[in-house]
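**Student:** Sequence and predicted structure are below.
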Amino acid sequence: MKSNHLKRYAITGGIGSGKSTVVKLFNEMGIPSIDADEIARKLREPGQPAQQAIIKRFGTDDRATLRSLLSQDPKAKQDLESILHPLIQVASEAKMNEIEASETAPFLLYEAALIIEAGRAKDFDGLIVVTAPETLKIERIQARDHITKEAAEAMIRAQITDQERLKYATYTIENSGSPDQLRESVRKLLDQLKRA
């Protein structure tokens, strides 16, 4: 077990901002990452702790039924988050410790769409916020999910705004240019984080 603590940076961004693309670029540059959504998916698999708690609270774990419930009832959304967030925190901490024990990279990334909403932004050495203009986010969501402009706008409105996210940001990446420009922004931030 290495004695030196690997720095941990959280990375977040609204739907359609390109957060996952930024994480992939960091991965290509040798930086390991953990995806909170992936952890949440595993926790919701049959027999896992979140699945059982969700069925107990909602009577179902069917994603479409839950999505419909959550869009109509803010209390249901809070209940789901109060089930998932503590479990995600424990599982992600274990995964980060595992990476730390074997990794030689200068830091690791924790990718989470709801890091601010979960009250965990301050649990890390810094928070990277990926932003993009709303028109571009809408185009990306429509292309990815094959949905209407109105549905994409509703998905954006269901989240906190970039302005709100930026209040918590230690570093930002603006993703409104070409793939090459984004790669260059990531490379510059990587250099900056290596020196931090």
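**Tutor:** Arrived safely. Residues are numbered from 1 along each chain as shown.

**Student:** Tell me the confidence at the closest residue to residue 162 other than its chain neighbours?
**Tutor:** Residue nearest to residue 162 in three dimensions, not counting chain neighbours: residue 131, with 4.7 Å by CB to CB, 6 or more residues apart in numbering. For glycine as for every other residue, the C-beta is placed from the backbone atoms N, C-alpha and C. Residue 131 is assigned a predicted lDDT (pLDDT) of 97.

**Student:** try residue 119
**Tutor:** 89.

**Student:** What are the phi and psi values at the residue most central in space within the chain?
**Tutor:** Centroid check for the chain by CA atoms, centre = their mean gives residue 112 as the closest residue, at 1.9 Å. Backbone torsions for residue 112, taken as degrees, to the nearest 10, come to phi -150, psi 120.

**Student:** got a list of what it touches?
**Tutor:** 10-12, 35-37, 118, 120 (CB atoms under 8 Å, 6 or more residues apart in numbering).

**Student:** what's the least confident helix or strand in this structure, going by average pLDDT?
**Tutor:** Least confident element among the helices and strands of the chain, by mean pLDDT, DSSP states H and E: helix 63-72 (a mean of 83).

**Student:** Just the residues contacting that one, thanks.
**Tutor:** Contact with helix 63-72 is made by 54, 58, 60, 76-77, 80, 158, as judged by CB under 8 Å, 6+ apart.

**Student:** if you set the cut-off to 6 Å instead, what comes out?
**Tutor:** 76-77 (CB atoms under 6 Å, 6 or more residues apart in numbering).

**Student:** Same question for that helix: list its buried residues.
**Tutor:** 66, 69-70 (16 or more other CB atoms under 10 Å).

**Student:** ok, then the element right after that helix?
**Tutor:** helix 74-102 (DSSP states H and E).

**Student:** what separates that following helix from the chain centre, distance-wise?
**Tutor:** Centre-to-centre, helix 74-102 and its host chain are 12 Å apart (CA atoms, centre = their mean, to the nearest Å).

**Student:** Please work out the average pLDDT along the following helix or strand past it.
**Tutor:** Using DSSP H and E, the next helix or strand after helix 74-102 towards the C-terminus is strand 107-111. Averaged over strand 107-111, pLDDT sits at 96.

**Student:** residue ranges of the helices in the chain, please?
**Tutor:** 19-28, 36-43, 49-58, 63-72, 74-102, 134-145, 149-157, 162-166, 179-195 (DSSP state H).

**Student:** And the protein, what are its domain boundaries?
**Tutor:** The chain breaks down by automatic domain parsing into domains covering 1-32+107-196, 37-102.

**Student:** Kindly compare burial across these and name the winner.
**Tutor:** domain 1-32+107-196 (a mean of 17; mean count of other CB atoms under 10 Å).

**Student:** how distant is that domain from the center of its chain?
**Tutor:** That offset, for domain 1-32+107-196, works out to 7 Å (CA atoms, centre = their mean).

**Student:** what do you get for stretch 27-45?
**Tutor:** Per CA atoms, centre = their mean, the centroid offset for stretch 27-45 relative to its chain is 9 Å.

**Student:** Can I get it as CSV, trimmed to CA atoms?
**Tutor:** Provided in CSV are the C-alpha atoms of stretch 27-45 (Å, rounded to 0.1, in the frame of the first residue of the first chain):
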residue,chain,number,x,y,z
ASN,A,27,-8.4,8.4,-19.3
GLU,A,28,-6.5,8.4,-22.6
MET,A,29,-3.9,10.7,-20.9
GLY,A,30,-3.4,8.1,-18.2
ILE,A,31,-5.8,9.4,-15.5
PRO,A,32,-8.0,6.8,-13.8
SER,A,33,-11.6,7.6,-13.1
ILE,A,34,-14.7,6.3,-11.2
ASP,A,35,-18.2,6.9,-12.6
ALA,A,36,-20.9,7.4,-9.9
ASP,A,37,-23.7,6.5,-12.4
GLU,A,38,-22.0,3.1,-13.0
ILE,A,39,-21.8,2.5,-9.3
ALA,A,40,-25.4,3.5,-8.9
ARG,A,41,-26.4,1.0,-11.7
LYS,A,42,-24.5,-1.8,-10.0
LEU,A,43,-26.2,-0.9,-6.6
ARG,A,44,-29.6,-1.2,-8.3
GLU,A,45,-29.0,-4.7,-9.8
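
**Student:** Nice, that's everything, thank you.
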